[in-house]
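>>> just to be clear, the model below is a prediction. Sequence and coordinates:
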Amino acid sequence: MSDLQKAWAKNRLSALPAESFDEREEEETGHVPELPEHFDDDSSSASSASSTGTVIPSPSQNLFARPQGAPRGRSLQQIPWTTYFERELFLHDQSSPTNPTIHAYLTSPVGKGPLFVMHHGAGSSGLSFAVVGHEIRKRLPSAGILSLDARGHGSTTTPDSQTVDLSLETLASDFLSVILLARKEMKWPELPPIILVGHSLGGAVVTEVAKTGKLGNAVLGYVVLDVVEGSAIDALQSMHTYLSTRPAGFPTLESGIDWHIRTRTIRNSLSARTSVPALLMLQKSPGDSRPWKWRTDLGATQPFWENWFVGLSKKFLGAKGGKLLLLAGTDRLDTELTIGQMQGKYSLQIFPEAGHFIHEDLPEKTAISLVDFHKRNDRSALVLPPKVSDLLKQGKKV
């Protein structure tokens, strides 16, 4: 730099107001104090410059401004279900007194919009799909979301004298009943176009229902999230080890939410704050420092584990309707599904940045996949040519 340039730069800098900035503070603490705080959602699904390419802010954009209404700090406060759903339903098939009263969350479809019917995995609840359902409706406002608590989970109840039956056939029957009872409860003249969506165990349930064909042409397709037969059965061998390392309870509800985030069981704090509270219940007893216990005893479900997943790949490929498989890694594909994918029998998407709870870790990306899947299978978008008989009736030559 020439002497003239140095003099010019020195003159310019002297005109600027002095700012205090301690480089040592940045080195010691690892952050610059003046940087803005970010919204309380540390998930990998949050939008970022790296995931959207080059961002060029316009003069009217305050790129680093805090979002309006965003809380300061890292919150573990519970988010209520009313944030995402318009109502809750308690559905009971009165044909038998032994039938459960199934609890479900519902946002009704608008007009001829589709209904996404969700089934969660073992140990989870209907709120597992709360955030992704909200993201679906952002992109498809006419869509409805129906998400149930399976028997033995959430707020669904069974007669006290009855042992909880979690066989695949029973869960599939419950799932089908929820759809039909919801139609009756909401007085829908007919079933809306349906997309079945299931995570883990729920994937086996929706596949079983799709295979039966009992919903007829109402089903446009079905989606399975992060479960395939081979890897699921292999994972059952280590299930007891996992359950033995999981805390038996938590001192507070917030600590339960925090555990799911810290262990990366759920990698999205917004999802964890919404879904985890439904997994725990307060059971106070003298001297117990961890009164928040798990609602579902996963260890007690062991007799049903193999029943859930044996034959899943064959049923998934064979059932009628559009098929979508979302996985967190290609290593989960077994031989039968690999061959089926090469033959184009179903659509496959991989989200390597997600954990097992794909829809909770990456609700935005999952919602985009589900909405695109609906659009590809939406029969109302088809424009069919007129029938020859209709043309003849109109006196037209064919």
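Happy to help now that I have it.
>>> any weak-confidence spans in the stretch 151-300 of the chain?
161-162 (pLDDT under 70).
>>> ok, which stretches of it are strands?
Applying DSSP state E, counting those that start in this stretch to the stretch 151-300 of the chain gives strands spanning 194-199, 219-225, 249-250, 280-282, 292-294.
>>> and residue 93, which of these is closest to it?
Closest of the strands of the stretch 151-300 of the chain to residue 93 is strand 194-199, at 19.0 Å (criterion: CB to CB). Any C-beta I mention is one placed from the backbone N, CA and C, and that applies to glycine too.
>>> so residue 134 is in contact with residue 81, correct?
No - counting by CB atoms under 8 Å, residue 134 does not reach residue 81; the two are 11.1 Å apart.
>>> ok so, going back, redo the strands of the stretch 151-300 of the chain as a markdown table? Include distance to residue 352.
What follows is the strands of the stretch 151-300 of the chain, written out as a markdown table (distance: least, CB to CB, whole Å):
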| stretch | distance to residue 352 |
| --- | --- |
| strand 194-199 | 17 |
| strand 219-225 | 15 |
| strand 249-250 | 30 |
| strand 280-282 | 30 |
| strand 292-294 | 29 |
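>>> and residue 87, how many residues sit next to it?
13 (other CB atoms under 10 Å).
>>> residue numbering should commence at 32 henceforth.
Shifting the count to begin at 32 puts that one at residue 118.
>>> quick one: contacts for it?
If you count contacts by CB atoms under 8 Å, 6 or more residues apart in numbering, residue 118 has them with 136-138.
>>> tell me who's in contact with the residue most central in space within the chain.
The C-alpha lying nearest the average C-alpha coordinate of the chain belongs to residue 390 (CA atoms, centre = their mean; 3.0 Å). Neighbouring residues of residue 390 by CB under 8 Å, 6+ apart: 159-160, 163, 230, 256, 357, 397.
>>> what about 7 Å?
Applying CB atoms under 7 Å, 6 or more residues apart in numbering, one finds that residue 390 lies in contact with 160, 163, 230, 256, 397.
>>> what is the subsequent helix or strand relative to whatever helix or strand residue 397 lives in?
Using DSSP states H and E, residue 397 falls within helix 394-408. Toward the C-terminus, helix 394-408 is succeeded by helix 419-424 as the next helix or strand (DSSP H and E).
>>> show me what that next one is packed up against.
Of the remaining helices and strands, none touches helix 419-424 by 3 or more CB pairs under 7 Å, 6 or more residues apart in numbering; DSSP states H and E.
>>> ok so, going back, now do the helix holding residue 397 against strand 225-230, angle only.
Helix 394-408 and strand 225-230 are oriented at 140 degrees to each other (axes from the mean of the first three to the mean of the last three CA atoms, to 10 degrees).
>>> what are the buried residues along helix 394-408?
394-402, 404-405, 408 (16 or more other CB atoms under 10 Å).
>>> what angle do that helix and strand 250-256 make?
Going by the same axes, to 10 degrees, helix 394-408 makes 150 degrees with strand 250-256.
>>> which residues sit against stretch 200-214?
120, 122, 124, 131, 133, 135, 137, 148, 150, 177, 179, 181-182, 222, 236, 239-240, 245-246.
>>> buried stuff in it?
In stretch 200-214, counting by 16+ other CB under 10 Å, buried: 201-210, 212-214.
>>> need the CA coordinates for that stretch. PDB is fine.
In PDB, the C-alpha atoms belonging to stretch 200-214 read as follows (Å, rounded to 0.1, in the frame of the first residue of the first chain):
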ATOM      1  CA  GLU A 200     -54.100 -57.100  12.900                       C
ATOM      2  CA  THR A 201     -55.700 -55.400  15.900                       C
ATOM      3  CA  LEU A 202     -53.800 -52.100  15.300                       C
ATOM      4  CA  ALA A 203     -54.800 -52.200  11.700                       C
ATOM      5  CA  SER A 204     -58.400 -52.700  12.700                       C
ATOM      6  CA  ASP A 205     -58.300 -49.700  15.100                       C
ATOM      7  CA  PHE A 206     -56.700 -47.600  12.400                       C
ATOM      8  CA  LEU A 207     -59.500 -48.400   9.900                       C
ATOM      9  CA  SER A 208     -62.100 -47.800  12.600                       C
ATOM     10  CA  VAL A 209     -60.700 -44.300  13.300                       C
ATOM     11  CA  ILE A 210     -61.100 -43.300   9.700                       C
ATOM     12  CA  LEU A 211     -64.700 -44.500   9.500                       C
ATOM     13  CA  LEU A 212     -65.700 -43.200  12.900                       C
ATOM     14  CA  ALA A 213     -64.100 -39.800  12.100                       C
ATOM     15  CA  ARG A 214     -66.200 -39.600   9.000                       C
END
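>>> how far is it from where the chain is centred?
Centroid separation between stretch 200-214 and its chain, computed with CA atoms, centre = their mean, to the nearest Å, is 20 Å.
>>> quick one: residue 278 from residue 310, how far?
Remark: distance between residue 278 and residue 310 (CB to CB, to the nearest Å) = 12 Å.
>>> the more surrounded of the two?
Between residue 278 and residue 310, counting by other CB under 10 Å, residue 310 is the more crowded of the two (21 against 14).
>>> quick one: which of the contacts of residue 118 is nearest residue 319?
Once CB to CB is applied, the member of the contacts of residue 118 that ends up nearest residue 319 is residue 136, at 30.5 Å.
>>> which residues touch the helix or strand hosting that closest one?
Residue 136 belongs to strand 132-138 when assigned by DSSP H and E. The contact list for strand 132-138 (CB under 7 Å, 6+ apart) reads 112, 116-123, 157, 164, 168, 175-180, 185-188, 205, 209, 213.
>>> thinking again about what came up before, ok, the buried residues of stretch 200-214 vs residue 386, which is closest?
For the buried residues of stretch 200-214, the nearest to residue 386 is residue 202 (23.5 Å; CB to CB).
>>> coming back round to it: reformat the buried residues of stretch 200-214 as a markdown table; add distance to residue 424.
As requested, the buried residues of stretch 200-214 are arranged in a markdown table below (distance: CB to CB, whole Å):
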| residue | distance to residue 424 |
| --- | --- |
| 201 | 51 |
| 202 | 49 |
| 203 | 45 |
| 204 | 45 |
| 205 | 47 |
| 206 | 44 |
| 207 | 40 |
| 208 | 43 |
| 209 | 43 |
| 210 | 38 |
| 212 | 42 |
| 213 | 40 |
| 214 | 35 |
